[in-house]
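In: Build me a model from this:
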Amino acid sequence: MYKDTLIDFEIRTLEDLVDPSNDYENFKKFWWLLNADHLISKKGPSTTEALLSEVRIEQEKITKKFYKEYKDLRMDLIQDLIKNNPDKDYNMLITKAQKIIDRLIFVHFCEDL
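Out: A predicted model of the protein is given here:
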């Protein structure tokens with residue numbers, strides 16, 4: 001099911017849709033989103049389009065907040081490394097700070113799997 005770009009989509013198989021273990025929740029969502037009453041509007045955005053727009057706005061807010069926190073954390077870490085290692089090369093400390101952050105993100109990502 002495509003969202004608002006051709007690369008942003010969800011895949012639903014028939015098996016996903018008819019899974020009784022979750023009271024057919026995936027099928028209910030699928031039906032609700034693609035029901036003509038929600039998918040098509042006589043004027044203005046449809047209910048499905050409006051919902052997608054709300055999701056997009058919320059995702060953008062989360063993304064901006066994440067990158068601000070990421071930038072602040074990165075700068076704090078670099079400053080701390082410089083403060084505690086005044087005899088080390090500045091560019092090397094930046095590289096080390098980035099490596100620490102990359103590893104933390106990787107570990108966090110792995111925890112979510």
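
In: For the rest of this, base every contact and every neighbour count on C-alpha atoms.
Out: OK.

In: Now do the helices in the chain.
Out: Taking DSSP state H as the test, the helices found in the chain are 14-17, 25-34, 36-39, 47-84, 90-112.

In: Check which helices and strands the second one sits against.
Out: Spelled out, it's helix 25-34. helix 14-17 (3 or more Cα pairs under 8 Å, 6 or more residues apart in numbering; DSSP states H and E).

In: thinking again about what came up before, columns mean pLDDT and mean neighbour count on top of the helices of the chain, output as JSON lines?
Out: Converted to JSON lines, the helices of the chain look like this (pLDDT from 0 to 100; neighbours: other Cα atoms under 10 Å):
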{"stretch": "helix 14-17", "mean pLDDT": "84", "mean neighbour count": "12"}
{"stretch": "helix 25-34", "mean pLDDT": "88", "mean neighbour count": "15"}
{"stretch": "helix 36-39", "mean pLDDT": "88", "mean neighbour count": "14"}
{"stretch": "helix 47-84", "mean pLDDT": "93", "mean neighbour count": "14"}
{"stretch": "helix 90-112", "mean pLDDT": "93", "mean neighbour count": "13"}
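
In: which ones are touching residue 90?
Out: residue 82 (Cα atoms under 8 Å, 6 or more residues apart in numbering).

In: Tell me how far it lies from residue 96.
Out: Using Cα to Cα, to the nearest Å, we find residue 90 at a distance of 10 Å from residue 96.

In: Repeat that for residue 86.
Out: 14 Å.

In: Kindly provide the distance from residue 12 to residue 92.
Out: On the measure of Cα to Cα, residue 12 and residue 92 end up 47 Å apart.

In: what does residue 16 give?
Out: 49 Å.

In: Over to residue 48?
Out: 50 Å.

In: Please apply the same query to residue 25.
Out: From residue 25 to residue 92 the distance is 52 Å (Cα to Cα).
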